[in-house]
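**Student:** turn this into a structure:
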Amino acid sequence: MDLKQKTIENTFIVFAVSFVTRGLNILTKIVLVRLLLPEDFGLFAIALLIINTVSLFREMGIESALIYKKDDVEDAAHSAFIIISVIGIMMYTIIYFTAPYVATFYGEAEIAQIARISGLTVIFMALVSVPVTLFSKNLDFGKRLVPDVVSTITYSTVSIILAFKGWGVWSLVYGGFIASLVSLFAIWKISPYRPQLKFNRRIMSELFKYGGYLFAAQMIIFVLTNVDDAVVGKILGLTVLGYYTLAFSFANMPVTNISHIMGRVMFPTFSRINDNLPLLKKAFFKTVKYVSSLTIPLNVIILLLASEYVRFILGERWMNAVPVLRVLCLYAMLRSLNSSAGELFKATGQTKFIRDMSFLQLIVFVVFIVPVTRRFGLVGVGSLMVIKGIMAFILCLWRLIPTLNMTVREYFSVIKSQCIASGLAGIITLVAHSLINQTMSSMIVNTCLFGLIYALVMYRVDNDYYLEVKERVNDIMILINNQGRQWISK
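**Tutor:** Numbering: from 1, shown residues only. Alright, predicted model coming up:
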C-alpha cells in the first residue's frame, strides 16, 4: 500500500473512531455539566494544573523524536521506555508531596487528595508511552485507537454513574483514574512491543538532541495554556474558573477534535516525505484546507449562537460563560490554523523555531495576564488569548514561506473559500436570529440554516473542493469494501 492510500486509510480510521469517542466525550461533558457545580470543575482544574505541570517532564520530547528517527528504532524504543518509566515515577513523587502546598495556596484542602489520586495516571501514561508511539510511527492507527475507545467508554460510564450518585468532583477523579488503568491494560494486550533492559547512550543522546528543543517548546506552551487557569482561579475564584474552563473547552471543541486528529496522522506522514518539497507542500495545503473547512464554520456558528447553546444545552447556571466563550471562538479559529503548521515544523526538524516562537508569546502573555485579569475579567483573559493566537499565526506564516517555498497569497488562497462561506452564512444566520425568539427550536433552525448556506456558498466559490471531497469519499468506500471482503474471507 502506497503512502497516499495509507494516509487515507489512517485518516478514515482516526476520524471514524474519534467521531465515536469524541462524540461520547461531548455527551458525557454535557451530562456532567448539568449534574455538577462550576466549583467542582474549578477544583478539578487546579488539581489537573498540578499534574500537568509536573507531567511536562514525563517524556521530554522523546516520543516525537522516536517517530522522527529512521534507524536503530528498536534500540531507541528500549532506551526510551527505561527513561520515560523512571521519569514517570519521579513525577508522581513530586505531585504527591507538592499537592498540599498548592491546596494551601488556593485555600482548598480537597485539591491535595484529588491531585494525589489523579496523579497516578502519570505513571500509567509513562508505561504506555513507547508502545503507543510505535503505533503512530508505523502508521498503525487501528491498534492505536482501540485503547481510546475502551478508555472513553469506561470514563463516561464511571463518571456519570458517580455523578448521579452525588459524588461531585470525585466522579471526575475516579472516572479518569479507572479509565487510565483500563487503557493501560488494553494497550499492553494489543501491542507486539515488549521492553528489554537495554540502554544505548548514543541513541538517547540523538533522541534528546531532537527532542530537547521540542521539550523546551512544550514547557513554554504549557505555561501559555495553563497560566490563565492559575491566574483566574487565584484572582477571580474557583467558581469563575469553572466558567472559564467550560468556555475554553466548548470553544476549542472543533479544533481539539479535528486538528488533533489530523495532527496524529499527518506528523508521521509529513516526517516520511520531509525530503520531497513539492509533495510536502501539497500535503500541507490539503491538510490546512480540510481542517479549516470544518473548524472555521463550526467556530463561527458557536460564536453567533453561544447564548442559545449554553442556555439550552448546558443550563442557565452556566450563562456567565457566554461572553468569554464568544471571544475564545476567535482564538480557536487561529489555533486550528497554527496547529497544522506546528506538525509540519516538527516533521522538518524545526523544533528550535517552535521553542523560540512559543517563548515570544510567553513574554507577552506573562507580562499582561495579571493586570488584564484584574481590570477586564474573563473577557480580558480571552482577548489576550486571541492576541497570542495572532502572534503565533504571523510567526508561523513567516516561517512557512521559506520552508515550503510558498507565498502569502498561496496560503490565503487555501482558506479564502472557507472564510467567505462562513462570513456569508454568518450574516444571514445573524439576520434570521434577530427575527426569531430564542428557543430550542430556533437554535436548531438557525444551526441548520447556517450549515446549508455554508455548503451552498462553498459549492459556488470552490467547486474543486467538492470534487476533492467526493474523490476522498470514493477512496474511503473502496477501503471499506476491501476491509469487508478481508473480514468475510477470514
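**Student:** need the residues that contact stretch 219-235.
**Tutor:** Counting by C-beta atoms under 8 Å, 6 or more residues apart in numbering, the neighbours of stretch 219-235 from elsewhere in the structure are 42, 45-46, 49, 52-53, 56, 105-106, 240-241, 244-245, 355, 358-359, 361-362, 365-366, 369-370, 373-374, 378, 381, 384-385, 388. Where you see a C-beta, it was placed from the backbone N, CA and C, and this is true even at glycine.
**Student:** cutoff 7 Å now
**Tutor:** Residues external to stretch 219-235 that are found in contact with it (C-beta atoms under 7 Å, 6 or more residues apart in numbering): 42, 45-46, 49, 52, 56, 106, 240-241, 244-245, 355, 358-359, 361-362, 365-366, 369-370, 373-374, 381, 385, 388.
**Student:** convert that stretch to PDB, retaining C-alpha atoms only.
**Tutor:** Listed next in PDB are the C-alpha coordinates belonging to stretch 219-235 (Å, rounded to 0.1, in the frame of the first residue of the first chain):
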ATOM      1  CA  MET A 219       7.200  23.700  28.600                       C
ATOM      2  CA  ILE A 220       6.600  27.100  27.300                       C
ATOM      3  CA  ILE A 221       3.400  26.100  25.500                       C
ATOM      4  CA  PHE A 222       2.200  24.500  28.800                       C
ATOM      5  CA  VAL A 223       2.700  27.800  30.700                       C
ATOM      6  CA  LEU A 224       1.000  29.600  27.900                       C
ATOM      7  CA  THR A 225      -2.100  27.300  28.000                       C
ATOM      8  CA  ASN A 226      -2.300  27.000  31.800                       C
ATOM      9  CA  VAL A 227      -1.200  30.200  33.400                       C
ATOM     10  CA  ASP A 228      -4.600  31.600  32.600                       C
ATOM     11  CA  ASP A 229      -6.200  28.900  34.700                       C
ATOM     12  CA  ALA A 230      -3.900  29.600  37.600                       C
ATOM     13  CA  VAL A 231      -4.400  33.300  37.500                       C
ATOM     14  CA  VAL A 232      -8.200  33.200  37.000                       C
ATOM     15  CA  GLY A 233      -8.500  30.700  39.900                       C
ATOM     16  CA  LYS A 234      -6.500  32.800  42.200                       C
ATOM     17  CA  ILE A 235      -7.800  36.300  41.300                       C
END
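**Student:** give me the buried positions along that stretch.
**Tutor:** By neighbour count with 16 or more other C-beta atoms under 10 Å, stretch 219-235 contains the buried residues 219-224, 226-234.
**Student:** among those residues, which are in helices?
**Tutor:** If you go by DSSP state H, the buried residues of stretch 219-235 have 219-224, 226-234 in helices.
**Student:** mind checking how far residue 219 is from residue 355?
**Tutor:** Distance from residue 219 to residue 355, counting by C-beta to C-beta, to the nearest Å: 9 Å.
**Student:** I meant residue 151, not that one.
**Tutor:** Distance, residue 151 to residue 355, by C-beta to C-beta: 31 Å.
**Student:** element containing the residue lying closest to residue 313 once chain neighbours are set aside, please.
**Tutor:** In space, residue 313 comes closest to residue 30 once its chain neighbours are excluded; the distance is 6.0 Å by C-beta to C-beta, 6 or more residues apart in numbering. When elements are assigned from DSSP states H and E, residue 30 belongs to helix 3-35.
**Student:** averaged pLDDT, that helix. What do you get?
**Tutor:** Averaging pLDDT along helix 3-35 yields 71.
**Student:** wait, isn't residue 392 in contact with residue 361?
**Tutor:** Yes - using C-beta atoms under 7 Å, residue 392 is in contact with residue 361, at 6.1 Å.
**Student:** since that was my last question, I'll sign off now.
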